[in-house]
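*Asks:* Next input, structure requested:
(one chain, ligands or ions: 1)
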Amino acid sequence: MKIGIDKIGFYSPHVYVDMEKLAEARGVEPAKFTIGIGQSQMAIAPITQDSVTLAANAALQIIDEEDREKIDFVIFCSESGIDHSKSGGVYVHQLLGLNPHARAVELKQACYAATAGIQMAKGHIALNPESKVLVLGTDIARYGLNTPGESTQGAGAVAMIISANPHVMELEQHNVYLTNDIMDFWRPIYSDKAFVDGKFSNEQYILFFNKVWEVYKEKSGLELKDMEAICYHLPYTKMGLKALRTVLDEASEEVQERLLKNYQTSTIYNRNVGNIYTGSLYLSLLSLLENADLEDGSRIGMFSYGSGAVGEFFTGVLQLNYRDYLIKESHQQLFNKREEVTVEKYEEIFEDVLPADGSDIELDISKDPATICLSGVVDNKRQYVNKNR
Ligand code: HMG
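*Replies:* Numbering: from 1, shown residues only. Down below sits the predicted model:
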């Protein structure tokens, strides 16, 4: 039985800052951000969006009535969780009006968790072929104003339905994974911003890629020439390129050209959104599928990396007429409708956070065009609104 991605949707907040303008404000050459880091625009989450609303808005793009009935497992993958105890998946389950006879949980391992989520979903479908699983990768990347990580922030979510006989991509066997306890990036419970050893994190990302790729080749018997493209976890778009370059000489010139061309296509959306942590690899896949003209049956390599760290390499095969099941137009509209804000406004939005002392707050959701918004906090409980209900 084939199991894989049946539907895939994306959501990012309605405001962004231009990276050239951010570079100027920080006294940095704009080319450092646009070429050295490889980012053009950075999505910013207003106070009315959190990991729950981003995930729910992404899922709204793809689910229909049949999905609402058949989804019996919601896997909320995030490192921007809103509660130490209650899963973000329970809120999303309610906001979407899903079948009550469903499981809802939250998974965490930095940017890797959504990969664990889809593999867990695959196991669930193998045992329950009639059901569907909703996997959500949702995050807000925050390093702080004027920090080296600032240019690699972002916000957004990817939602995927995993099912039997998927319409978009079958997940293949031969996954190779690797765990090693390192401190390249982490966020202690008391901090709303990440701590990072930037250079070390870059090195570890590449090391993990090289290690899983070597074992993957042995295990699967496949090589670079068997991949139409490789999608990477993209903390910034230059990062995957650095990793790809370390193995390119294993392939002929023709294959190298193809992989480099498809790599560029797989970064279009990420370049204009920034790091969305758990969703980044899947945003890159979406960017590739919606902007390249890949043939049905093409094999796509996928490298997932979550600091701390866990990495995985796996592959998927595009299904017959997969293009008919993508929602490129609605993603284009999402990008077209976004508003640019000044660097000053971005800083104001960045610093506008929920009270940390348990006091109530009422938020103005009239300026946030998202269907699902956070409207406040009352008695330590976040209040969510689905404007369509
Ligand atoms: P930095 O120190 O500001 O930048 O930090 P840099 O000095 O290393 O420069 C960056 C690049 O710009 C270099 O290119 C420069 O040469 C180039 P490279 O040598 O790396 O190819 N450059 C220019 N290019 C063109 N014109 C110019 C120019 N000037 C310089 N004028 C760093 C960069 C990424 C380290 C920082 O932003 C950071 O710490 N970011 C956060 C950590 C991160 O993203 N790490 C990535 C791997 S870890 C990961 O992916 C996991 C993660 O997503 C978290 C999770 O799992 O949850 C982060």
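*Asks:* For Trp120, which three-state class applies?
*Replies:* Trp isn't right for residue 120; it's Met. Under DSSP: H, G, I helix; E, B strand; the rest coil, Met120 falls in the helix class.
*Asks:* So, low pLDDT: which residues of the stretch 201-350 of the chain?
*Replies:* For the stretch 201-350 of the chain, no stretch is flagged by pLDDT under 70.
*Asks:* Quick one: name the residues of it near the ligand.
*Replies:* 201-202, 205, 233, 235-236, 238-239, 275, 277, 305-307 (Cβ under 6 Å from any ligand atom). Using the backbone N, CA and C atoms, a C-beta is placed for each residue, glycine as well.
*Asks:* Return the member of those residues nearest to Leu95.
*Replies:* Using Cβ to Cβ, Tyr277 comes nearest to Leu95 of these, at 20.9 Å.
*Asks:* Angles on the backbone of the closest one, please.
*Replies:* phi 50, psi -110 (degrees, to the nearest 10).
*Asks:* Could you report the neighbour count for the closest residue to it other than its chain neighbours?
*Replies:* Among residues not flanking Tyr277 along the chain, Asp139 sits closest, at 3.6 Å (Cβ to Cβ, 6 or more residues apart in numbering). Residues near Asp139, counting by other Cβ atoms under 10 Å, number 29.
*Asks:* got the buried residues for stretch 182-202?
*Replies:* For stretch 182-202, a neighbour-count test (16 or more other Cβ atoms under 10 Å) marks 182, 184-185, 187, 193-194, 196, 201-202 as buried.
*Asks:* got a pLDDT number for the residue nearest to Tyr277?
*Replies:* What the model reports as pLDDT for Asp139 is 98.
*Asks:* Return the set of residues that bridge with Gly9.
*Replies:* With DSSP bridges as the criterion, Gly9 is bridged to Ala159.
*Asks:* Around the ligand, which positions in the stretch 51-200 of the chain sit nearby?
*Replies:* Going by Cβ under 6 Å from any ligand atom, the residues of the stretch 51-200 of the chain near the ligand are 79, 110-111, 148-149, 151-152, 184-185, 196, 198-199.
*Asks:* possible to save the residues you listed as CSV with pLDDT and distance to Phe313?
*Replies:* Output for these, formatted as CSV (pLDDT from 0 to 100; distance: Cβ to Cβ, whole Å):
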residue, pLDDT, distance to Phe313
Glu79, 98, 21
Ala110, 98, 17
Cys111, 98, 15
Pro148, 96, 28
Gly149, 97, 25
Ser151, 98, 27
Thr152, 98, 23
Asp184, 98, 19
Phe185, 98, 20
Val196, 97, 23
Gly198, 97, 23
Lys199, 98, 23
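*Asks:* In contact with the residue in the stretch 151-300 of the chain positioned nearest to the ligand, which residues are there?
*Replies:* At 2.6 Å from the ligand, Gly198 is the closest residue in the stretch 151-300 of the chain, using Cβ to the nearest ligand atom. Residues counted as contacts of Gly198 (Cβ atoms under 8 Å, 6 or more residues apart in numbering) are 148-149.
*Asks:* so is the residue nearest to the spatial centre of the chain in a helix, a strand, or just coil?
*Replies:* Note on the chain: the residue nearest the mean C-alpha position is Gly279, at 0.9 Å, using Cα atoms, centre = their mean. Using three-state DSSP, the structure places Gly279 in helix.
*Asks:* correct me, but it touches Tyr112?
*Replies:* No. Contact status for Gly279 versus Tyr112: not in contact, 11.8 Å apart, counting by Cβ atoms under 8 Å.
*Asks:* Whichever residue of the stretch 1-150 of the chain sits closest to the ligand in helix, strand or coil?
*Replies:* With Cβ to the nearest ligand atom as the measure, Gly36 is the residue of the stretch 1-150 of the chain nearest to the ligand, at 2.0 Å. Secondary structure assignment for Gly36 (three-state DSSP): helix.
*Asks:* Kindly export stretch 72-86 (C-alpha atoms) in CSV.
*Replies:* In CSV, the C-alpha atoms belonging to stretch 72-86 read as follows (Å, rounded to 0.1, in the frame of the first residue of the first chain):
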residue,chain,number,x,y,z
ASP,A,72,-8.4,10.6,13.4
PHE,A,73,-5.0,11.8,14.4
VAL,A,74,-3.7,15.4,14.7
ILE,A,75,0.1,15.7,15.1
PHE,A,76,1.1,19.2,16.0
CYS,A,77,4.8,19.7,15.6
SER,A,78,6.4,22.8,17.0
GLU,A,79,9.1,24.4,19.0
SER,A,80,6.9,27.5,19.7
GLY,A,81,4.4,25.6,21.8
ILE,A,82,2.0,27.8,23.9
ASP,A,83,1.6,25.5,26.9
HIS,A,84,3.9,23.1,28.8
SER,A,85,1.0,20.6,29.2
LYS,A,86,-1.8,20.9,26.7
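*Asks:* Okay, helices next: where are they in the chain?
*Replies:* Taking DSSP state H as the criterion, the chain contains helices spanning 19-25, 30-31, 51-60, 65-70, 88-96, 113-127, 198-220, 237-245, 253-265, 268-271, 280-291, 328-336, 343-351.
*Asks:* Would you tell me which one of those is buried the most?
*Replies:* When you average the neighbours per residue for each of the helices of the chain (mean count of other Cβ atoms under 10 Å), helix 51-60 leads with a mean of 29.
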